[in-house]
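*Asks:* curious how this folds, go ahead:
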Amino acid sequence: SRHDAVQKDFKALANSGGIRADDRRSNCVDDLREPQDEWVFLLWVLRQKFPFWLRHMCPNITLPLAPLIEDLLRGKFNPIVGTPVSDEQWEQASLPVKCGGFGMGKVADTITAAFVANVQETREHVRSKLPSAQYLDHIDDTAEQFEVARQHFASPAILGFSAIYRSHKSHIAGAVERDGFDLESKFEELLQQRKLQFTYSKVLASQRAIRFKEHVQRTGTPADMARLHSINGSFSGAWLFSVPKARDSTIPTNAFRMSTRMRLGIPYAHLPTHCMCTEHKLIDSHGVHLFACNQFRSLLLSRHDAVQKDFKALANSGGIRADDRRLTVFRAIDNDDGKRPDLMLPGLGDQGNDLLIDFTIGHPTCATYVMRAADTPHHTLQVLHNNKNRKYLNRCTEIGASFMPMAFESFGAVSEDVMTILAKLVQHAAEGTSIPYSVLLSYWKKRISTTLQVQNARIIMMASAAILARSGRRDPAFDCNALMETVHNN
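*Replies:* Here you go, the predicted structure:
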């Protein structure tokens, strides 16, 4: 009864002192005016409040509170997106960013990883202070061995604690086995480095991502799978880590909401039903046609130029005089050849020669790519890469220059060549400043990713405004930002 009374007190403390306190802190989100500001607070402040006390309380106390924490986080996530998310969309948001999620995490996984890691990392210290705690020597025994050993510590409290630990450890062991991670050989190193919780969380999240992908494969459309493939990887979600301190890291209100919807596959409200192009193509609720229609070539070119401008700025910051002005370099071999690459990077070629690069951005869910993109990750990148090589590679070889295509997908995925050039340029910038390479690489990934998402939103808003104006269906409140007006008011 004494044990039950203590447990009851801890539950009350956790409920009133933990959940309610963090609920009060979460109200600070409501004081913020911009979705990006709200997101930064949710990701870096509110979400970080729970792991500490989840680590130091037994799961039989914390697990019943998991739904309350999930509801709290989800309740603050919904206004950021601009609409209540479905269970499937929240499941995606819970995945790591590099797995196509928003990094919100799953409270139940955090409880399991934190508790098991804490027991394992503090066991030796507890044993040294409490020599009578012999049960700690047996909680990792096999079932048969533990059954024999438990006779020496028949306390209900100890047996209950041991059963909870063994259950959660078994859950982790299953995930580790399915993941193929060699925990046995790395356990002691991870234990000494205090990285067990991180490792367990990573493995559990990886398995959750696999299950989510399998679910989408069973129940989703080809466009859903193409989107999921495209948002996989650290670069595609780098914009989620941008903190709005400067213009290059700030995403306007409507653009941020549109970017979150695009990543989650949530339809947009009040898009025109048909395009103003000569074919009057149908526009679906995701605005796919707008990313491929020649009628909006100028908007697509603006997105292309914005990304190019970021790379030029990066090159210049490293002392490389990148040239993007009238690069009619191929006229040296053919006066009638008017093709022009986007950027020349002096001395960055394979043999120290000039490197010419050309940017290209495709939309994986458009009709040209979607069926193959649903089956093959980054199929769109490969097609774009090959197309640019056919166009420029031989010409560059003839004039003694190197060439590299710079392929992007609208959802944020980039080709290996993009990462190669990015790394080279960042290295040059780091050598010329006192800023560490890792810091600069993170900054430029976030900046370029942010630029891409802002431009995606601009394409949808500006194209929709133009169509509605042409059709005479101008909404009373419609302007370049009105596309998301109803979303903002939800």
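*Asks:* check contacts around T450.
*Replies:* By Cβ atoms under 8 Å, 6 or more residues apart in numbering, the residues touching T450 are 238-239, 242, 248-251. (Each C-beta comes from the backbone N, C-alpha and C, glycine too.)
*Asks:* pick out the most distant pair among the residues you listed.
*Replies:* Spatial extent of the contacts of T450 (Cβ to Cβ) is set by the pair A238 and T250 at 14.6 Å.
*Asks:* can you pull out the helices in the stretch 251-400 of the chain?
*Replies:* Counting by DSSP state H, counting those that start in this stretch, the stretch 251-400 of the chain has helices at residues 253-264, 297-317, 370-375, 379-398.
*Asks:* look through the chain and tell me its longest helix.
*Replies:* Taking DSSP state H as the assignment, the helix of the chain that covers the most residues is helix 437-471.
*Asks:* counting neighbours, what do you get for T83?
*Replies:* A count of nearby residues for T83, using other Cβ atoms under 10 Å, gives 18.
*Asks:* identify the residue spatially nearest to L196, adjacent ones excluded.
*Replies:* A117 (3.8 Å; Cβ to Cβ, 6 or more residues apart in numbering).
*Asks:* any idea which helix or strand carries the one you found?
*Replies:* helix 107-129 (DSSP states H and E).
*Asks:* who touches that helix?
*Replies:* Defining contact as Cβ under 8 Å, 6+ apart, one finds that helix 107-129 is touched by 50-51, 54-59, 62-63, 66, 69-70, 73, 133, 136-137, 139, 164-165, 168-169, 171-172, 191, 194, 196-197, 200-201, 204-205, 208.
*Asks:* ok, now stretch 429-441?
*Replies:* Identification of contacts with stretch 429-441 by Cβ under 8 Å, 6+ apart yields 314, 317-319, 422-423, 426-427.
*Asks:* who has more neighbours out of A238 and T250?
*Replies:* Neighbours per residue, other Cβ under 10 Å: of A238 and T250, the larger number sits with A238, 24 against 17.
*Asks:* please name the residues that touch that one.
*Replies:* 412, 445-446, 448-450.
*Asks:* wait, which of the residues you listed is closest to G349?
*Replies:* I448 (21.9 Å).
*Asks:* about what we covered before: for the helices of the stretch 251-400 of the chain, which one sits closest to Q92?
*Replies:* helix 253-264 (6.1 Å).
*Asks:* model confidence over that closest one, on average?
*Replies:* Regarding helix 253-264, the rounded mean pLDDT is 96.
*Asks:* check stretch 92-109 too.
*Replies:* 96.
*Asks:* okay, it in CSV with CA atoms only?
*Replies:* Extracted in CSV, the C-alpha atoms of stretch 92-109 (Å, rounded to 0.1, in the frame of the first residue of the first chain):
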residue,chain,number,x,y,z
GLN,A,92,3.8,11.5,-40.8
ALA,A,93,4.5,14.7,-38.8
SER,A,94,5.8,12.5,-36.0
LEU,A,95,8.5,11.0,-38.3
PRO,A,96,12.0,12.4,-38.4
VAL,A,97,12.5,15.2,-40.9
LYS,A,98,14.9,13.1,-43.0
CYS,A,99,12.2,10.4,-43.2
GLY,A,100,9.6,12.9,-44.6
GLY,A,101,8.2,14.0,-41.3
PHE,A,102,8.4,17.1,-39.1
GLY,A,103,10.4,15.6,-36.3
MET,A,104,7.6,15.8,-33.7
GLY,A,105,8.4,12.3,-32.4
LYS,A,106,6.1,9.8,-30.9
VAL,A,107,5.7,10.1,-27.1
ALA,A,108,5.3,6.3,-26.6
ASP,A,109,8.7,5.8,-28.3
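*Asks:* now do it: distance to the chain's middle.
*Replies:* For stretch 92-109, the gap between its own C-alpha mean and the chain's C-alpha mean amounts to 8 Å (Cα atoms, centre = their mean, to the nearest Å).
*Asks:* can you check stretch 294-302 too?
*Replies:* With Cα atoms, centre = their mean, you get 27 Å for stretch 294-302.
*Asks:* with mean neighbour count and distance to F181 added, can I get the helices of the stretch 251-400 of the chain in CSV?
*Replies:* Shown next, in CSV, are these (neighbours: other Cβ atoms under 10 Å; distance: least, Cβ to Cβ, whole Å):
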stretch, mean neighbour count, distance to F181
helix 253-264, 24, 27
helix 297-317, 17, 36
helix 370-375, 19, 27
helix 379-398, 18, 28
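*Asks:* relative to S471, which of those helices is closest?
*Replies:* Across those, S471 has its closest neighbour in helix 297-317 (17.7 Å, Cβ to Cβ).
*Asks:* for the closest one, packing partners?
*Replies:* In terms of contacts (3 or more Cβ pairs under 8 Å, 6 or more residues apart in numbering; DSSP states H and E), helix 297-317 is packed against strand 343-345, strand 355-362, helix 416-431, helix 437-471.
*Asks:* which residues sit against the shortest one?
*Replies:* Just to be clear, that refers to strand 343-345. So strand 343-345 is contacted by 308, 311-312, 315, 320, 322-324, 327, 329, 354-359, 401, 421, 425 (Cβ under 8 Å, 6+ apart).
*Asks:* those residues, buried ones only, as a PyMOL selection?
*Replies:* Buried members of the contacts of strand 343-345, defined by 16 or more other Cβ atoms under 10 Å, are picked up in PyMOL with:
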select buried, resi 308+311+312+315+320+322+323+324+329+354+355+356+357+358+359+401+421+425
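*Asks:* returning to that earlier point: just the buried members of the contacts of stretch 429-441?
*Replies:* 314, 317-318, 422, 426.
*Asks:* relative to T219, which of those is nearest.
*Replies:* Of all the buried ones among the contacts of stretch 429-441, L422 has the smallest distance to T219: 35.8 Å, by Cβ to Cβ.
*Asks:* list the buried residues for stretch 109-123?
*Replies:* 109-121, 123.
*Asks:* out of these, what pair is the most spread apart?
*Replies:* The distance between the two most remote of those (Cβ to Cβ) is 21.7 Å, for D109 and R123.
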